[in-house]
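Chemist: coords please:
(one chain, ligands or ions: 2)
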Amino acid sequence: MPKSDNALTIFEVLRESHEKQRSFSEKLIKTSGDSPERRELFELLKNELFAHAVAEDRYLYIPLMMSDAGLNITRHALSEHHEMDELLEKLTETEFSHTGWLSLAKKLSHVVHHHLEEEEHRFFQQAGKILPDQQKKELAQQYHAEYVKYLNKDKDSLT
Ligand SMILES: [Fe+2]
Ligand SMILES: [Fe+2]
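Modeler: Ligands and ions are numbered 1, 2, ... in the order given. As a prediction, this is how the structure comes out:
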């Protein structure tokens with residue numbers, strides 16, 4: 001049966017951003033020096049990771065945390081979000097032309113790929129058993145609205 005857009009589940013909507021994260025991070029680690037490509041891709045990846053993580057924390061992991069079965073998944077995922085945040089912060093503080101920039105970016109790309117793999121092949125399956133079907137659809141809409149809001153936000157205004 002064909003699905004209409006408003007019947008998408010939280011997992012399907014999350015995967016759309018995952019594809020962007022993969023693509024931006026793969027392109028980013030092919031850039032060199034202080035180039036417009038590096039600056040642009042870093043900005044894209046940073047915004048994508050930030051908006052996705054805020055909305056995913058609020059509309060997937062917090063609801064999951066309310067059940068005992070979801071507690072371990074949630075703790076694990078949030079600690080990886082934190083690890084990505086720290087790497088983004090280090091990259092932001094490092095000159096684009098610095099020799100260490102690329103190895104930090106590669107490390108970030110590795111953590112991003114590992115995290116997405118784990119979400120898509122483990123956490124989402126477990127979460128799928130915990131959350132009721134109706135909630136999976138409601139969370140998709142709430143997640144999406146929050147994601148769009150943070151994608152357009154000036155990150156520095158948050159602190
Ligand atoms: Fe995710
Ligand atoms: Fe995540």
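Chemist: F24: neighbour count?
Modeler: F24: 21 surrounding residues under other Cβ atoms under 10 Å. Using the backbone N, CA and C atoms, a C-beta is placed for each residue, glycine as well.
Chemist: ok, now how distant is it from I73?
Modeler: 25 Å (Cβ to Cβ, to the nearest Å).
Chemist: Show me the helices in this structure, by range?
Modeler: Here the chain has its helices, by DSSP state H, at 10-28, 36-56, 62-65, 68-93, 101-118, 124-130, 133-151.
Chemist: I'd like these laid out as TSV, including distance to ligand 1.
Modeler: What follows is these, written out as TSV (distance: least, Cβ to the ion, whole Å):
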stretch	distance to ligand 1
helix 10-28	5
helix 36-56	5
helix 62-65	13
helix 68-93	8
helix 101-118	6
helix 124-130	9
helix 133-151	10
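Chemist: Can I get these in JSON lines including mean pLDDT?
Modeler: Output for the helices of the chain, formatted as JSON lines (pLDDT from 0 to 100):
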{"stretch": "helix 10-28", "mean pLDDT": "98"}
{"stretch": "helix 36-56", "mean pLDDT": "97"}
{"stretch": "helix 62-65", "mean pLDDT": "97"}
{"stretch": "helix 68-93", "mean pLDDT": "97"}
{"stretch": "helix 101-118", "mean pLDDT": "98"}
{"stretch": "helix 124-130", "mean pLDDT": "97"}
{"stretch": "helix 133-151", "mean pLDDT": "97"}
